[in-house]
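Enquirer: based on what follows, work out the 3D shape:
(one chain, ligands or ions: 1)
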Amino acid sequence: MRILSSEMKPLVSLDQHEAAQLGNQLFRFASELYPICRSISGDGLRRTLRLIGEHIPITISEVPSGTVVFDWTVPKEWNIRDAYIKSPSGERIVDFHKSNLHVVNYSTPVRAVMSKEELQPHLHSLPDYPDWIPYRTSYYKEDWGFCLSHNQLLTLKEGNYDVCIDSTLADGHLSLGESYFPGRTSDEILISCHACHPSLANDNLSGLTVAVHLAQLVEKLRSDHHFSYRFLFIPGTIGAITWLARNRETASQIRHGIVLTCIGDKGNFHYKKSRRGNADIDCAVAHVLSHTPGSPEILDFFPYGYDERQYCSPGFNLPVGCLMRSVWGTFPEYHTSADNLDFIAPLKLAESLGVCAAVFDVLENNTRYRNLQPFCEPQLGRRGLYRSAGVNSMPDEINARLWVLNQSDGQHTLLDIAERAGLPFATIREAADLLAASELLEVVSENPARDGASQAARNE
Ligand SMILES: [Zn+2]
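Expert: Take a look at the predicted model:
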(Lines give C-alpha, C1' and ligand atoms only; values in the text may rest on other atoms or scores of the structure.)
Protein backbone atom coordinates (compact mmCIF):
# COMPACT_ATOMS: atom_id res chain seq x y z
CA MET A 1 0.00 0.00 0.00
CA ARG A 2 2.92 2.33 0.56
CA ILE A 3 4.75 1.61 -2.64
CA LEU A 4 3.59 4.85 -4.15
CA SER A 5 5.89 6.69 -1.81
CA SER A 6 8.99 5.18 -3.37
CA GLU A 7 8.08 5.61 -7.05
CA MET A 8 5.92 8.69 -6.78
CA LYS A 9 7.86 10.62 -4.24
CA PRO A 10 7.36 14.34 -4.57
CA LEU A 11 10.04 16.10 -6.52
CA VAL A 12 11.29 17.92 -3.43
CA SER A 13 12.86 14.63 -2.40
CA LEU A 14 14.71 14.31 -5.71
CA ASP A 15 18.12 15.89 -5.68
CA GLN A 16 19.03 18.56 -8.23
CA HIS A 17 20.84 16.07 -10.43
CA GLU A 18 17.88 13.64 -10.54
CA ALA A 19 15.46 16.49 -11.23
CA ALA A 20 17.64 17.78 -14.07
CA GLN A 21 17.85 14.31 -15.61
CA LEU A 22 14.11 13.80 -15.38
CA GLY A 23 13.51 17.27 -16.83
CA ASN A 24 15.77 16.54 -19.78
CA GLN A 25 13.91 13.31 -20.50
CA LEU A 26 10.59 15.15 -20.49
CA PHE A 27 11.97 17.93 -22.66
CA ARG A 28 13.41 15.49 -25.19
CA PHE A 29 10.00 13.89 -25.64
CA ALA A 30 8.35 17.30 -26.11
CA SER A 31 11.02 18.15 -28.71
CA GLU A 32 10.29 14.94 -30.58
CA LEU A 33 6.57 15.76 -30.78
CA TYR A 34 7.04 19.47 -31.51
CA PRO A 35 7.45 19.45 -35.33
CA ILE A 36 4.32 17.35 -36.00
CA CYS A 37 1.34 19.14 -37.54
CA ARG A 38 -1.44 17.92 -35.27
CA SER A 39 -5.11 18.74 -35.47
CA ILE A 40 -8.34 17.41 -33.97
CA SER A 41 -8.16 14.56 -36.50
CA GLY A 42 -5.79 13.17 -39.09
CA ASP A 43 -2.36 11.64 -39.44
CA GLY A 44 -0.47 14.17 -37.28
CA LEU A 45 -2.64 13.22 -34.31
CA ARG A 46 -2.22 9.51 -35.11
CA ARG A 47 1.55 9.85 -35.37
CA THR A 48 1.59 11.61 -32.00
CA LEU A 49 -0.43 8.80 -30.41
CA ARG A 50 1.88 6.19 -31.95
CA LEU A 51 4.94 8.01 -30.54
CA ILE A 52 3.27 8.01 -27.11
CA GLY A 53 2.74 4.27 -27.68
CA GLU A 54 6.52 3.81 -27.87
CA HIS A 55 6.69 4.84 -24.19
CA ILE A 56 3.50 3.39 -22.67
CA PRO A 57 0.83 0.92 -23.78
CA ILE A 58 -1.89 2.87 -25.58
CA THR A 59 -5.20 1.93 -27.20
CA ILE A 60 -6.17 4.09 -30.16
CA SER A 61 -9.89 4.20 -31.04
CA GLU A 62 -11.05 5.54 -34.39
CA VAL A 63 -14.52 7.11 -34.38
CA PRO A 64 -16.04 7.68 -37.85
CA SER A 65 -16.90 11.17 -39.11
CA GLY A 66 -20.61 11.80 -38.80
CA THR A 67 -20.96 9.95 -35.49
CA VAL A 68 -23.34 11.86 -33.26
CA VAL A 69 -21.89 12.49 -29.79
CA PHE A 70 -24.37 14.24 -27.49
CA ASP A 71 -25.14 17.57 -29.23
CA TRP A 72 -22.10 17.35 -31.51
CA THR A 73 -21.10 15.42 -34.64
CA VAL A 74 -17.63 13.99 -35.25
CA PRO A 75 -16.26 16.22 -38.06
CA LYS A 76 -14.61 15.24 -41.31
CA GLU A 77 -10.95 14.23 -41.05
CA TRP A 78 -8.34 16.81 -42.04
CA ASN A 79 -4.94 16.07 -43.51
CA ILE A 80 -2.37 18.37 -45.04
CA ARG A 81 0.72 17.77 -47.16
CA ASP A 82 1.85 21.23 -48.27
CA ALA A 83 0.82 24.86 -48.32
CA TYR A 84 2.46 28.05 -49.53
CA ILE A 85 2.03 31.55 -50.85
CA LYS A 86 4.32 32.49 -53.76
CA SER A 87 5.11 36.15 -54.31
CA PRO A 88 4.53 37.81 -57.68
CA SER A 89 8.20 37.05 -58.40
CA GLY A 90 7.63 33.32 -57.75
CA GLU A 91 9.32 33.04 -54.35
CA ARG A 92 7.73 30.88 -51.57
CA ILE A 93 7.23 33.63 -49.01
CA VAL A 94 4.92 31.68 -46.68
CA ASP A 95 5.81 28.02 -46.38
CA PHE A 96 3.98 25.34 -44.35
CA HIS A 97 7.20 23.34 -44.18
CA LYS A 98 8.92 26.17 -42.29
CA SER A 99 6.12 26.42 -39.71
CA ASN A 100 2.88 24.45 -39.60
CA LEU A 101 1.28 27.45 -37.86
CA HIS A 102 1.35 29.26 -41.23
CA VAL A 103 -1.84 27.46 -42.26
CA VAL A 104 -5.18 27.99 -40.52
CA ASN A 105 -5.70 24.52 -39.03
CA TYR A 106 -8.53 22.69 -40.88
CA SER A 107 -8.19 24.88 -43.99
CA THR A 108 -10.07 23.54 -47.03
CA PRO A 109 -7.93 22.89 -50.13
CA VAL A 110 -7.08 25.89 -52.32
CA ARG A 111 -5.19 26.28 -55.59
CA ALA A 112 -5.50 29.77 -57.05
CA VAL A 113 -3.78 32.87 -58.29
CA MET A 114 -5.15 35.99 -56.64
CA SER A 115 -4.43 39.65 -56.14
CA LYS A 116 -3.17 41.01 -52.83
CA GLU A 117 -6.68 42.43 -52.18
CA GLU A 118 -8.32 39.03 -52.72
CA LEU A 119 -5.74 37.31 -50.54
CA GLN A 120 -5.79 39.81 -47.66
CA PRO A 121 -9.05 38.62 -45.93
CA HIS A 122 -7.45 35.18 -45.60
CA LEU A 123 -4.30 36.44 -43.84
CA HIS A 124 -3.93 36.61 -40.05
CA SER A 125 -1.20 38.38 -38.09
CA LEU A 126 -0.54 39.90 -34.65
CA PRO A 127 0.13 43.66 -34.90
CA ASP A 128 1.02 43.78 -31.16
CA TYR A 129 3.67 41.05 -31.55
CA PRO A 130 4.88 41.72 -35.09
CA ASP A 131 7.49 38.91 -35.15
CA TRP A 132 5.18 36.10 -34.06
CA ILE A 133 2.92 33.87 -36.14
CA PRO A 134 -0.57 33.40 -34.67
CA TYR A 135 -2.23 29.97 -34.33
CA ARG A 136 -5.73 29.91 -35.84
CA THR A 137 -8.25 27.12 -36.45
CA SER A 138 -11.51 26.74 -38.32
CA TYR A 139 -12.79 23.32 -37.27
CA TYR A 140 -16.51 23.78 -37.53
CA LYS A 141 -16.81 26.31 -40.37
CA GLU A 142 -15.29 25.44 -43.75
CA ASP A 143 -12.75 28.14 -44.51
CA TRP A 144 -9.10 28.58 -45.37
CA GLY A 145 -6.35 30.98 -44.44
CA PHE A 146 -2.71 31.68 -43.69
CA CYS A 147 -1.01 33.06 -40.59
CA LEU A 148 2.17 35.08 -40.80
CA SER A 149 4.14 37.62 -38.83
CA HIS A 150 2.81 41.14 -39.01
CA ASN A 151 6.21 42.36 -40.18
CA GLN A 152 6.02 39.98 -43.12
CA LEU A 153 2.46 41.00 -43.90
CA LEU A 154 3.61 44.63 -44.17
CA THR A 155 6.14 43.70 -46.87
CA LEU A 156 3.56 42.22 -49.27
CA LYS A 157 3.49 44.17 -52.53
CA GLU A 158 0.72 44.61 -55.11
CA GLY A 159 0.60 41.83 -57.69
CA ASN A 160 -0.63 38.28 -58.22
CA TYR A 161 0.06 35.61 -55.64
CA ASP A 162 0.12 31.87 -56.25
CA VAL A 163 -1.77 30.31 -53.33
CA CYS A 164 -1.80 26.60 -52.53
CA ILE A 165 -3.19 24.56 -49.65
CA ASP A 166 -2.77 20.88 -50.44
CA SER A 167 -5.14 19.52 -47.81
CA THR A 168 -8.05 17.12 -47.67
CA LEU A 169 -11.18 17.42 -45.60
CA ALA A 170 -13.12 14.21 -46.07
CA ASP A 171 -14.99 11.48 -44.23
CA GLY A 172 -12.53 9.66 -42.02
CA HIS A 173 -12.04 9.25 -38.28
CA LEU A 174 -11.38 11.02 -35.02
CA SER A 175 -8.57 9.30 -33.07
CA LEU A 176 -8.65 8.90 -29.29
CA GLY A 177 -5.67 7.61 -27.31
CA GLU A 178 -6.17 5.90 -23.98
CA SER A 179 -3.86 4.17 -21.49
CA TYR A 180 -5.38 2.22 -18.65
CA PHE A 181 -3.54 0.78 -15.65
CA PRO A 182 -5.79 -1.34 -13.45
CA GLY A 183 -5.32 -1.07 -9.70
CA ARG A 184 -6.78 -3.13 -6.87
CA THR A 185 -10.20 -1.56 -7.43
CA SER A 186 -12.12 -0.30 -10.44
CA ASP A 187 -12.36 3.20 -8.91
CA GLU A 188 -10.47 5.46 -11.27
CA ILE A 189 -8.16 8.43 -11.35
CA LEU A 190 -8.42 10.24 -14.69
CA ILE A 191 -5.58 12.21 -16.25
CA SER A 192 -6.64 13.99 -19.42
CA CYS A 193 -4.76 16.13 -21.89
CA HIS A 194 -5.38 17.49 -25.35
CA ALA A 195 -3.20 16.34 -28.23
CA CYS A 196 -4.58 18.46 -31.07
CA HIS A 197 -2.30 21.50 -31.31
CA PRO A 198 0.48 21.61 -33.93
CA SER A 199 3.87 23.15 -33.04
CA LEU A 200 2.93 24.65 -29.67
CA ALA A 201 4.99 23.59 -26.68
CA ASN A 202 3.36 24.77 -23.47
CA ASP A 203 -0.18 24.47 -24.77
CA ASN A 204 -0.52 20.74 -25.38
CA LEU A 205 2.99 19.26 -25.45
CA SER A 206 3.79 20.04 -21.81
CA GLY A 207 0.64 18.24 -20.65
CA LEU A 208 1.20 15.28 -22.98
CA THR A 209 4.81 14.92 -21.88
CA VAL A 210 4.06 15.02 -18.17
CA ALA A 211 1.11 12.64 -18.57
CA VAL A 212 3.18 10.08 -20.48
CA HIS A 213 5.88 10.09 -17.80
CA LEU A 214 3.29 9.86 -15.03
CA ALA A 215 1.85 6.84 -16.79
CA GLN A 216 5.33 5.31 -16.79
CA LEU A 217 5.54 5.80 -13.02
CA VAL A 218 2.15 4.14 -12.56
CA GLU A 219 3.11 1.28 -14.88
CA LYS A 220 6.22 0.56 -12.76
CA LEU A 221 3.94 -0.13 -9.77
CA ARG A 222 2.53 -3.19 -11.56
CA SER A 223 -1.07 -2.69 -10.38
CA ASP A 224 0.03 -2.45 -6.74
CA HIS A 225 -2.09 0.64 -6.13
CA HIS A 226 -5.63 1.20 -4.94
CA PHE A 227 -7.00 3.18 -7.86
CA SER A 228 -7.05 2.31 -11.52
CA TYR A 229 -5.46 5.03 -13.63
CA ARG A 230 -6.81 6.17 -16.99
CA PHE A 231 -4.82 8.55 -19.19
CA LEU A 232 -6.60 10.20 -22.12
CA PHE A 233 -4.70 11.74 -25.04
CA ILE A 234 -7.46 13.31 -27.05
CA PRO A 235 -8.33 16.24 -29.28
CA GLY A 236 -9.65 19.16 -27.21
CA THR A 237 -13.42 19.56 -26.78
CA ILE A 238 -14.65 17.14 -29.47
CA GLY A 239 -12.33 14.40 -28.17
CA ALA A 240 -13.56 14.69 -24.57
CA ILE A 241 -17.19 14.89 -25.73
CA THR A 242 -16.72 11.82 -27.94
CA TRP A 243 -14.96 9.86 -25.19
CA LEU A 244 -17.66 10.73 -22.63
CA ALA A 245 -20.46 9.85 -25.09
CA ARG A 246 -18.94 6.40 -25.67
CA ASN A 247 -17.87 5.74 -22.05
CA ARG A 248 -20.69 6.82 -19.78
CA GLU A 249 -20.38 3.68 -17.69
CA THR A 250 -16.61 4.10 -17.32
CA ALA A 251 -17.01 7.79 -16.48
CA SER A 252 -19.13 6.82 -13.48
CA GLN A 253 -16.03 5.07 -12.04
CA ILE A 254 -13.96 8.28 -11.99
CA ARG A 255 -13.31 9.27 -8.37
CA HIS A 256 -10.66 11.92 -9.00
CA GLY A 257 -9.47 13.60 -12.16
CA ILE A 258 -7.12 16.21 -13.47
CA VAL A 259 -6.70 17.97 -16.80
CA LEU A 260 -3.09 18.89 -17.52
CA THR A 261 -2.37 21.90 -19.70
CA CYS A 262 0.28 24.64 -19.96
CA ILE A 263 2.49 23.10 -17.28
CA GLY A 264 5.95 23.52 -18.78
CA ASP A 265 6.47 27.29 -18.64
CA LYS A 266 8.26 29.29 -15.95
CA GLY A 267 5.08 30.73 -14.39
CA ASN A 268 3.61 29.88 -11.00
CA PHE A 269 1.24 26.96 -10.60
CA HIS A 270 -2.50 27.55 -10.95
CA TYR A 271 -5.12 24.98 -10.11
CA LYS A 272 -8.70 25.42 -11.24
CA LYS A 273 -11.04 23.56 -8.93
CA SER A 274 -13.67 21.11 -10.12
CA ARG A 275 -17.27 22.29 -10.46
CA ARG A 276 -17.93 20.65 -7.07
CA GLY A 277 -15.29 22.92 -5.54
CA ASN A 278 -14.68 20.71 -2.51
CA ALA A 279 -13.80 17.39 -4.11
CA ASP A 280 -10.91 15.34 -2.70
CA ILE A 281 -8.86 16.18 -5.79
CA ASP A 282 -9.36 19.90 -5.05
CA CYS A 283 -8.10 19.48 -1.47
CA ALA A 284 -5.21 17.22 -2.51
CA VAL A 285 -3.90 19.58 -5.19
CA ALA A 286 -4.35 22.67 -2.99
CA HIS A 287 -2.34 20.96 -0.24
CA VAL A 288 0.49 19.84 -2.52
CA LEU A 289 0.74 23.27 -4.15
CA SER A 290 0.87 24.98 -0.75
CA HIS A 291 4.21 23.17 -0.25
CA THR A 292 5.53 23.98 -3.73
CA PRO A 293 7.91 26.90 -4.34
CA GLY A 294 6.53 30.08 -5.92
CA SER A 295 3.13 31.57 -5.25
CA PRO A 296 0.65 28.97 -6.43
CA GLU A 297 -2.94 30.11 -6.89
CA ILE A 298 -6.18 28.20 -6.53
CA LEU A 299 -8.95 29.30 -8.87
CA ASP A 300 -12.64 28.63 -8.50
CA PHE A 301 -14.33 26.68 -11.27
CA PHE A 302 -15.48 28.59 -14.36
CA PRO A 303 -17.24 27.01 -17.34
CA TYR A 304 -14.67 27.76 -20.07
CA GLY A 305 -11.14 26.50 -20.50
CA TYR A 306 -9.99 22.99 -21.38
CA ASP A 307 -11.71 19.62 -21.16
CA GLU A 308 -12.66 20.00 -17.49
CA ARG A 309 -15.63 21.84 -19.04
CA GLN A 310 -16.92 18.56 -20.44
CA TYR A 311 -16.08 16.41 -17.39
CA CYS A 312 -17.71 19.05 -15.17
CA SER A 313 -20.84 19.53 -17.32
CA PRO A 314 -23.85 19.14 -15.02
CA GLY A 315 -24.87 15.71 -16.37
CA PHE A 316 -21.46 14.28 -15.39
CA ASN A 317 -20.31 16.69 -12.66
CA LEU A 318 -17.12 14.68 -12.22
CA PRO A 319 -14.50 15.69 -9.65
CA VAL A 320 -12.03 16.89 -12.28
CA GLY A 321 -9.89 20.01 -11.92
CA CYS A 322 -7.27 21.57 -14.17
CA LEU A 323 -3.59 21.99 -13.31
CA MET A 324 -1.64 24.71 -15.11
CA ARG A 325 1.39 26.87 -14.54
CA SER A 326 0.57 30.10 -16.42
CA VAL A 327 -3.13 30.25 -17.16
CA TRP A 328 -3.89 29.83 -20.88
CA GLY A 329 -4.91 33.08 -22.56
CA THR A 330 -3.12 35.24 -19.99
CA PHE A 331 0.40 35.07 -21.42
CA PRO A 332 1.16 36.76 -24.74
CA GLU A 333 2.91 33.68 -26.18
CA TYR A 334 -0.36 31.69 -25.89
CA HIS A 335 -1.53 30.43 -29.32
CA THR A 336 1.45 31.93 -31.15
CA SER A 337 4.75 30.75 -32.58
CA ALA A 338 6.40 32.09 -29.40
CA ASP A 339 4.91 29.14 -27.48
CA ASN A 340 7.89 27.15 -28.71
CA LEU A 341 10.44 24.88 -27.05
CA ASP A 342 12.26 27.93 -25.60
CA PHE A 343 9.09 28.83 -23.72
CA ILE A 344 9.12 25.61 -21.68
CA ALA A 345 11.91 24.47 -19.36
CA PRO A 346 13.08 20.95 -18.44
CA LEU A 347 13.11 21.66 -14.69
CA LYS A 348 9.59 23.12 -14.81
CA LEU A 349 8.28 20.00 -16.54
CA ALA A 350 9.97 17.86 -13.88
CA GLU A 351 8.50 19.99 -11.11
CA SER A 352 5.01 19.63 -12.62
CA LEU A 353 5.48 15.86 -12.79
CA GLY A 354 6.51 15.94 -9.12
CA VAL A 355 3.35 17.83 -8.14
CA CYS A 356 1.15 15.28 -9.93
CA ALA A 357 2.98 12.36 -8.29
CA ALA A 358 2.58 14.00 -4.88
CA VAL A 359 -1.16 14.44 -5.54
CA PHE A 360 -1.48 10.73 -6.38
CA ASP A 361 0.40 9.97 -3.15
CA VAL A 362 -2.25 11.91 -1.17
CA LEU A 363 -5.16 10.25 -3.00
CA GLU A 364 -3.71 6.78 -2.51
CA ASN A 365 -2.54 7.08 1.09
CA ASN A 366 -4.79 9.44 3.02
CA THR A 367 -5.30 7.03 5.91
CA ARG A 368 -7.04 7.73 9.21
CA TYR A 369 -5.34 6.23 12.29
CA ARG A 370 -5.96 5.83 16.00
CA ASN A 371 -3.13 6.39 18.50
CA LEU A 372 -2.76 3.21 20.58
CA GLN A 373 -0.94 5.09 23.39
CA PRO A 374 -3.23 8.13 23.75
CA PHE A 375 -2.57 8.76 27.49
CA CYS A 376 0.39 11.13 27.43
CA GLU A 377 3.13 10.88 24.84
CA PRO A 378 4.58 7.45 24.21
CA GLN A 379 8.32 7.35 24.83
CA LEU A 380 9.71 7.76 21.35
CA GLY A 381 13.36 7.81 22.44
CA ARG A 382 13.46 4.15 23.47
CA ARG A 383 11.93 3.24 20.11
CA GLY A 384 14.60 5.22 18.23
CA LEU A 385 11.96 7.68 17.01
CA TYR A 386 13.11 10.83 18.84
CA ARG A 387 15.86 13.35 18.12
CA SER A 388 19.33 12.68 19.39
CA ALA A 389 20.48 14.68 22.41
CA GLY A 390 22.05 18.05 21.79
CA VAL A 391 20.05 18.90 18.67
CA ASN A 392 18.26 22.14 19.41
CA SER A 393 15.92 22.60 16.49
CA MET A 394 12.97 20.31 15.95
CA PRO A 395 13.48 18.51 12.65
CA ASP A 396 10.36 18.17 10.49
CA GLU A 397 10.32 14.41 10.75
CA ILE A 398 10.18 14.46 14.57
CA ASN A 399 7.62 17.25 14.52
CA ALA A 400 5.54 15.17 12.08
CA ARG A 401 5.62 12.15 14.46
CA LEU A 402 4.32 14.29 17.32
CA TRP A 403 1.55 15.74 15.16
CA VAL A 404 0.46 12.32 13.90
CA LEU A 405 0.36 10.91 17.44
CA ASN A 406 -1.52 13.91 18.77
CA GLN A 407 -4.13 14.08 16.00
CA SER A 408 -4.69 10.38 15.40
CA ASP A 409 -7.91 10.05 17.36
CA GLY A 410 -9.70 8.18 14.62
CA GLN A 411 -11.23 11.40 13.28
CA HIS A 412 -8.43 13.08 11.36
CA THR A 413 -6.93 11.91 8.11
CA LEU A 414 -3.24 12.26 7.34
CA LEU A 415 -4.15 15.14 5.03
CA ASP A 416 -6.04 16.88 7.86
CA ILE A 417 -2.95 16.44 10.04
CA ALA A 418 -0.58 17.68 7.33
CA GLU A 419 -2.72 20.81 6.91
CA ARG A 420 -2.86 21.50 10.64
CA ALA A 421 0.86 20.86 11.10
CA GLY A 422 1.79 22.93 8.06
CA LEU A 423 3.94 20.07 6.82
CA PRO A 424 3.92 18.30 3.45
CA PHE A 425 1.68 15.23 3.23
CA ALA A 426 4.66 13.01 2.40
CA THR A 427 6.44 13.98 5.65
CA ILE A 428 3.31 13.20 7.66
CA ARG A 429 2.74 9.92 5.81
CA GLU A 430 6.34 8.81 6.39
CA ALA A 431 5.93 9.57 10.11
CA ALA A 432 2.71 7.56 10.21
CA ASP A 433 4.41 4.65 8.44
CA LEU A 434 7.13 4.57 11.11
CA LEU A 435 4.70 4.91 14.02
CA ALA A 436 2.44 2.20 12.62
CA ALA A 437 5.46 -0.09 12.19
CA SER A 438 6.26 0.57 15.89
CA GLU A 439 2.68 -0.46 16.75
CA LEU A 440 1.79 2.97 18.03
CA LEU A 441 -1.03 3.44 15.50
CA GLU A 442 -3.86 1.35 14.14
CA VAL A 443 -5.71 1.97 10.91
CA VAL A 444 -9.27 3.24 11.35
CA SER A 445 -10.04 3.91 7.71
CA GLU A 446 -7.59 3.09 4.95
CA ASN A 447 -8.54 6.12 2.96
CA PRO A 448 -11.69 8.19 3.19
CA ALA A 449 -11.00 9.54 -0.31
CA ARG A 450 -11.52 5.98 -1.49
CA ASP A 451 -14.78 5.24 0.24
CA GLY A 452 -16.34 8.66 -0.25
CA ALA A 453 -16.50 9.33 3.52
CA SER A 454 -14.56 12.59 3.42
CA GLN A 455 -16.72 13.85 0.57
CA ALA A 456 -19.84 12.91 2.52
CA ALA A 457 -18.46 14.63 5.65
CA ARG A 458 -17.85 17.85 3.73
CA ASN A 459 -21.34 17.73 2.20
CA GLU A 460 -23.06 17.41 5.57
ZN1 LIG B 1 -4.93 25.88 -27.03
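
Enquirer: how about the helices in the stretch 301-450 of the chain?
Expert: Counting by DSSP state H, counting those that start in this stretch, the stretch 301-450 of the chain has helices at residues 308-311, 346-365, 396-407, 414-421, 425-437, 448-451.

Enquirer: possible to save those helices as CSV with mean neighbour count and distance to residue 372?
Expert: Placement of C-beta: from N, CA and C, glycine included. Listed next are these as CSV, based on neighbours: other Cβ atoms under 10 Å; distance: least, Cβ to Cβ, whole Å:
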stretch, mean neighbour count, distance to residue 372
helix 308-311, 24, 41
helix 346-365, 25, 20
helix 396-407, 20, 10
helix 414-421, 21, 16
helix 425-437, 22, 9
helix 448-451, 21, 20
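
Enquirer: redo these as TSV? Include mean pLDDT and distance to residue 387.
Expert: Supplementary listing: these in TSV, determined by pLDDT from 0 to 100; distance: least, Cβ to Cβ, whole Å:
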stretch	mean pLDDT	distance to residue 387
helix 308-311	98	45
helix 346-365	95	25
helix 396-407	96	5
helix 414-421	97	16
helix 425-437	95	13
helix 448-451	57	31
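
Enquirer: just put these in CSV and tack on distance to residue 202.
Expert: As requested, the helices of the stretch 301-450 of the chain are exported to CSV (distance: least, Cβ to Cβ, whole Å):
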stretch, distance to residue 202
helix 308-311, 18
helix 346-365, 9
helix 396-407, 33
helix 414-421, 30
helix 425-437, 27
helix 448-451, 30
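
Enquirer: between these, which one is nearest to residue 20?
Expert: For these, the distance to residue 20 is smallest for helix 346-365, at 6.7 Å, taking Cβ to Cβ.

Enquirer: show me what that closest one is packed against.
Expert: Counting contacts by 3 or more Cβ pairs under 8 Å, 6 or more residues apart in numbering; DSSP states H and E, helix 346-365 packs against helix 3-7, helix 16-33, strand 188-194, helix 206-220, strand 254-260, helix 280-290, strand 320-324, helix 425-437.

Enquirer: which residue is nearest the middle of this protein?
Expert: residue 260 (1.5 Å; Cα atoms, centre = their mean).

Enquirer: so what pLDDT did the residue lying closest to it once chain neighbours are set aside get?
Expert: Ranked by Cβ to Cβ, 6 or more residues apart in numbering and with sequence neighbours excluded, the top spatial neighbour of residue 260 is residue 207, at 3.8 Å. Here, the pLDDT recorded for residue 207 equals 98.

Enquirer: cool, residue 266 as well?
Expert: pLDDT for residue 266: 97.

Enquirer: number the residues from 3 up from this point.
Expert: Done: numbering now begins at 3, and the last item shifts to residue 268.

Enquirer: which of the helices and strands packed on helix 348-367 sits closest to residue 403?
Expert: helix 427-439 (4.5 Å).

Enquirer: which strands and helices lie in contact with that closest one?
Expert: So helix 427-439, by 3+ Cβ pairs under 8 Å, 6+ apart, packs with helix 5-9, helix 348-367, strand 370-373, helix 398-409, helix 416-423, strand 443-447.

Enquirer: these: which one's closest to residue 27?
Expert: Of all those, helix 348-367 sits nearest to residue 27, with 8.3 Å by Cβ to Cβ.

Enquirer: just the angle between that closest one and strand 190-196, please?
Expert: Between helix 348-367 and strand 190-196, the angle comes out at 160 degrees (axes from the mean of the first three to the mean of the last three Cα atoms, to 10 degrees).

Enquirer: report the distance from helix 348-367 to the chain centre.
Expert: 11 Å (Cα atoms, centre = their mean, to the nearest Å).

Enquirer: could you do stretch 138-146 as well?
Expert: In terms of Cα atoms, centre = their mean, the centre of stretch 138-146 is set 26 Å apart from its chain centre.

Enquirer: return the set of buried residues in it.
Expert: Using 16 or more other Cβ atoms under 10 Å as the burial criterion, the residues of stretch 138-146 that qualify are 138-139, 141, 146.

Enquirer: among those, which two are most distant?
Expert: 141 and 146 (12.8 Å).

Enquirer: now the end-to-end length of stretch 121-139.
Expert: Here the two ends of stretch 121-139 are set 18 Å apart, with distance taken as Cα to Cα, to the nearest Å.

Enquirer: and for stretch 220-233?
Expert: End-to-end distance for stretch 220-233: 11 Å, by Cα to Cα.

Enquirer: these two touch, right, the residue nearest to the centre of the chain and residue 194?
Expert: Yes. Counting by Cβ atoms under 8 Å, residue 194 is a contact partner of residue 262 at 7.4 Å.

Enquirer: okay, now the unreliable bits of this protein?
Expert: 3-15, 390-394, 450-462 (pLDDT under 70).

Enquirer: any chance of the helices and strands packed on helix 427-439 in TSV, plus distance to residue 316?
Expert: Converted to TSV, these look like this (distance: least, Cβ to Cβ, whole Å):
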stretch	distance to residue 316
helix 5-9	33
helix 348-367	24
strand 370-373	32
helix 398-409	37
helix 416-423	28
strand 443-447	30
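
Enquirer: closest to residue 322 out of those?
Expert: helix 348-367 (12.7 Å).

Enquirer: noted, bye for now.
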